[in-house]
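Undergrad: pasting the sequence and the predicted model now:
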Amino acid sequence: MKREITIDGKQYEVEINECPIGSPFSVRINNKTLEVTLEHEPNYAKAFSIKVNGKPYSIELSNIEKNAPLLTKVNNVPFKVELKPATTSKIALSTLSPVSVQVQKPTQLKGEGVISAPMAGRIISIRVKKGDSVKVGSVLCVLEAMKMENEIASPQNGVVEEVKVQEGKAVNEGDMLMQIK
């Protein structure tokens, strides 16, 4: 089943075939597949837990009303989630909210090979240095945002001309990370 969701104003396509309680299942978000385990039936009155790619997350849901934004907290970070009507069968809201923070936003390419941050966060790993050759899809750095690790991949083949970030430093959405020629 496919569904479009909007998280804090940004749209994602989510596909879930089934979501059994206690067993891992696949969730596809913008063509990236994640393994999710919903360990217990969600209790909407209090926080519940899931695992995404083996990492545990605490989920809190509130304001569960038809046709209204879903107010969600994932590890105490708030999100506003809006669901578009399902094109096939219904899906449990509990599986959409926690998984949504795993969405890998696309690396932005601005100007002459400028790679910018797709979201605010902290650089936890830099995998290339000036002069390195990279191919499309090569991981350039890892950005931690909302306690999630997001690999920033090269959108083009080329050579790293400049690295503008350092490990441990905070970046804002749109900040230049590096340049590739």
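TA: It's in.
Undergrad: give me the three-state assignment for the residue in the chain sticking out farthest from the centre.
TA: Going by CA atoms, centre = their mean, the residue of the chain most distant from its centre is residue 131, 29.2 Å out. Taken by DSSP: H, G, I helix; E, B strand; the rest coil, the conformation at residue 131 corresponds to coil.
Undergrad: I'd say it and residue 162 touch.
TA: No. The pair residue 131 and residue 162 does not pass the contact test of CB atoms under 8 Å, sitting 10.3 Å apart. Glycine gets a C-beta too; all of them are placed from N, C-alpha and C.
Undergrad: check contacts around the residue farthest from the centre of the chain.
TA: Remark: with contacts taken as CB atoms under 8 Å, 6 or more residues apart in numbering, residue 131 is in contact with 159, 160.
Undergrad: now residue 72
TA: Under the criterion of CB under 8 Å, 6+ apart, the neighbours of residue 72 are 59, 60, 61, 62, 78, 79, 80, 81, 97, 100.
Undergrad: now the helix or strand hosting it: how far from the chain's centre is it?
TA: Residue 72 is part of strand 70-74 when elements are defined by DSSP states H and E. Distance, stretch centre to chain centre, for strand 70-74: 15 Å (CA atoms, centre = their mean, to the nearest Å).
Undergrad: buried ones in that strand, by neighbour count?
TA: Neighbour counts using 16 or more other CB atoms under 10 Å place 70, 72, 73, 74 of strand 70-74 among the buried residues.
Undergrad: was I right to think the last one contacts residue 146?
TA: When you say that, I think you mean residue 74. Yes. Counting by CB under 8 Å, residue 74 touches residue 146, with 6.9 Å between them.
Undergrad: show me which of the contacts of residue 72 is closest to residue 35.
TA: Ranked by distance to residue 35 (CB to CB), these are led by residue 100 at 15.3 Å.
Undergrad: hmm, back to that, top of the contacts of residue 72 by neighbour count?
TA: With neighbours taken as other CB atoms under 10 Å, the top of the contacts of residue 72 is residue 97, carrying 25 neighbours.
Undergrad: domain assignment for this protein?
TA: Taking automatic domain parsing as the reference, the chain has its domains at 2-100, 108-180.
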